[in-house]
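Chemist: 3D, please:
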Amino acid sequence: MPVRSSLPVRTAVRKAVVPAAGLGTRFLPATKATPKEMLPVVDKPAIQYVVEEAAGAGLDDVLMVTGRGKRAVEDHFDRAHELEEVLAAKGDDDRLATVRDLSRLARMHHVRQGAPLGLGHAVLRARDHVGREPFAVLLGDDLIDPRDALLTDMLAARTRFGGSVLALTEVDPAQTHLYGCAAVERTDEDGIVRVTGLVEKPAPGEAPSSYAVIGRYVLDPAVFEVLERTAPGRGGEIQLTDAIHELAGRADAAGGPVHAVVFRGRRYDTGDRASYLRAVVQLACGRPDLGPGFRSWLRGFAETLPGTELPTDVAAVPAATAATH
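Modeler: This is a model prediction of the structure:
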């Protein structure tokens, strides 16, 4: 039967937590001295898309959970007075506005994770800043197209149901072992399901559904108490999915229930080199200033390719061809 909760909602969500402490080893040597979050996706670093998404959903307080070597992330959202003076002297008003707007996106805060103990540990480091308020968590490897209001929909679901809200997407059942997967029940609202359990990267054939968790969460502060006593799980890390699994079993108790928005919009994965290249191509194609000319070039370039074979001197061909389909 459809499930509906009538839990009261005491506090609006206004804070976002962005874990950004990873080493980015899959992108070496580019990330040897540059944080992976600062790799450009077209003409903006990946982390900027995430902060813009939070700000666009009305979250005006953003905490970055960083690590050593991430000073560039902090600097990117800070004022750059010397650069602003140079642009102002040149009369370059458009670029000046672009640079100034970065420091106005949200109130930015930073804390170091300290040790690479997993996503759950990174979220736990936000406890002092978040306090007893609900909060959003946005992972930088998943970029959501600004035309798709996923986070806004999740915040609305939190207002409607209380508890915590995840973002799920349907994946090929053969790929469920790569994700955290959710056991779900229907609700009487289209696109929203009740989450009854989570399994982190289930063995092939053992996933509870084909609904996979993607990198957006709206969490009840009760998750901190659970994370505090969550033992390291898969990979020796403290798994956020383990803590949310416990909350999902609480129903109407503190911290529960857990619902999810089923996302069918545009999502760009920057988690590895091939998907990063596809994301750059897809976002460039959708840009009104770059898209028309770039799409025209891309069609012509694709026609020169010898079938599906990869020319030895063009490493990015698979990303380009995938983006044209």
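Chemist: and the gap between Asp92 and Ala106?
Modeler: 25 Å (CB to CB, to the nearest Å). No exception for glycine: its C-beta is placed from N, CA and C like everyone else's.
Chemist: One more: Thr241?
Modeler: For Thr241, the distance to Ala106 - CB to CB - is 27 Å.
Chemist: Who has more neighbours out of the two?
Modeler: Thr241 (23 against 18; other CB atoms under 10 Å).
Chemist: which ones are touching the more buried one?
Modeler: Contacts for Thr241 (CB atoms under 8 Å, 6 or more residues apart in numbering) come out as 180, 198-200, 213.
Chemist: Kindly report the same for Glu225.
Modeler: Taking CB under 8 Å, 6+ apart, we find Glu225 in contact with Gly255.
Chemist: host element of it?
Modeler: Assigned by DSSP states H and E, Glu225 belongs to helix 222-228.
Chemist: Would you tell me what the next helix or strand after that helix is?
Modeler: helix 240-248.
Chemist: could I get that next one in CSV with only the CA atoms?
Modeler: Written as CSV, here are the backbone C-alpha positions of helix 240-248 (Å, rounded to 0.1, in the frame of the first residue of the first chain):
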residue,chain,number,x,y,z
LEU,A,240,27.1,7.1,4.7
THR,A,241,24.7,4.5,3.2
ASP,A,242,25.0,2.3,6.4
ALA,A,243,23.9,5.2,8.5
ILE,A,244,21.0,6.1,6.2
HIS,A,245,20.0,2.4,6.2
GLU,A,246,19.5,2.6,9.9
LEU,A,247,17.5,5.8,9.6
ALA,A,248,15.3,4.1,7.0
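Chemist: Give me the mean pLDDT for that helix.
Modeler: In this model, helix 240-248 has a mean pLDDT of 91.
Chemist: Show me what Leu143 bridges to in the sheet.
Modeler: Bridge pairing for Leu143 (DSSP bridges) gives the partners Tyr268.
Chemist: thought it was touching Val50?
Modeler: Yes. At 7.2 Å, Leu143 counts as touching Val50 under the criterion of CB atoms under 8 Å.
Chemist: follow-up on the earlier one: out of the contacts of Thr241, which is nearest to Pro173?
Modeler: Distance to Pro173, by CB to CB, is smallest for Val199 among these, at 13.6 Å.
Chemist: isn't the closest one right up against Tyr179?
Modeler: No. With contacts counted by CB under 8 Å, Val199 stays clear of Tyr179, the gap being 9.4 Å.
Chemist: where do the contact lists of the two overlap?
Modeler: Common contact partners of Val199 and Tyr179 (CB under 8 Å, 6+ apart): none.
Chemist: domain ranges for this protein?
Modeler: 15-269, 274-323 (automatic domain parsing).
Chemist: burial measure for Leu59, as a count.
Modeler: 22.
Chemist: contacting residues around it?
Modeler: 13-16, 106, 136, 151.
Chemist: Of those, just the buried ones, ChimeraX syntax please.
Modeler: In ChimeraX, a selection of the buried entries from the contacts of Leu59 looks like this (16 or more other CB atoms under 10 Å):
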select :13,15,16,106,136,151
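Chemist: Quote the end-to-end distance of stretch 260-276.
Modeler: 26 Å (CA to CA, to the nearest Å).
Chemist: meant to ask about stretch 149-169
Modeler: 15 Å.
Chemist: any idea how far it is from the chain center?
Modeler: 14 Å (CA atoms, centre = their mean, to the nearest Å).
Chemist: all helices in the stretch 151-300 of the chain, in order from the N-terminus.
Modeler: Counting by DSSP state H, counting those that start in this stretch, the segments of the stretch 151-300 of the chain that form helices are 222-228, 240-248, 273-286, 291-303.
Chemist: Those helices: which one's closest to Met64?
Modeler: Proximity to Met64, assessed across these by CB to CB, is greatest for helix 240-248 (16.9 Å).
Chemist: Quick one: distance of that closest one to the chain centre.
Modeler: 18 Å.
Chemist: buried set for it?
Modeler: Residues of helix 240-248 classed as buried under the neighbour-count rule (16+ other CB under 10 Å) are 240-248.
Chemist: circling back: reformat the contacts of Leu59 as JSON lines; add secondary structure.
Modeler: Shown next, in JSON lines, are the contacts of Leu59 (DSSP: H, G, I helix; E, B strand; the rest coil):
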{"residue": "Val13", "secondary structure": "coil"}
{"residue": "Arg14", "secondary structure": "coil"}
{"residue": "Lys15", "secondary structure": "strand"}
{"residue": "Ala16", "secondary structure": "strand"}
{"residue": "Ala106", "secondary structure": "coil"}
{"residue": "Ala136", "secondary structure": "strand"}
{"residue": "Leu151", "secondary structure": "helix"}
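Chemist: Of the contacts of Leu59, which is the nearest to Leu290?
Modeler: Leu151 (25.1 Å).
Chemist: What distance do you get for that closest one to Gly120?
Modeler: 21 Å.
Chemist: list the contacts for Arg26?
Modeler: Arg26 touches 271-273, counting by CB under 8 Å, 6+ apart.
Chemist: if we go to 10 Å?
Modeler: Applying CB atoms under 10 Å, 6 or more residues apart in numbering to Arg26 gives the contacts 36, 271-273, 276.
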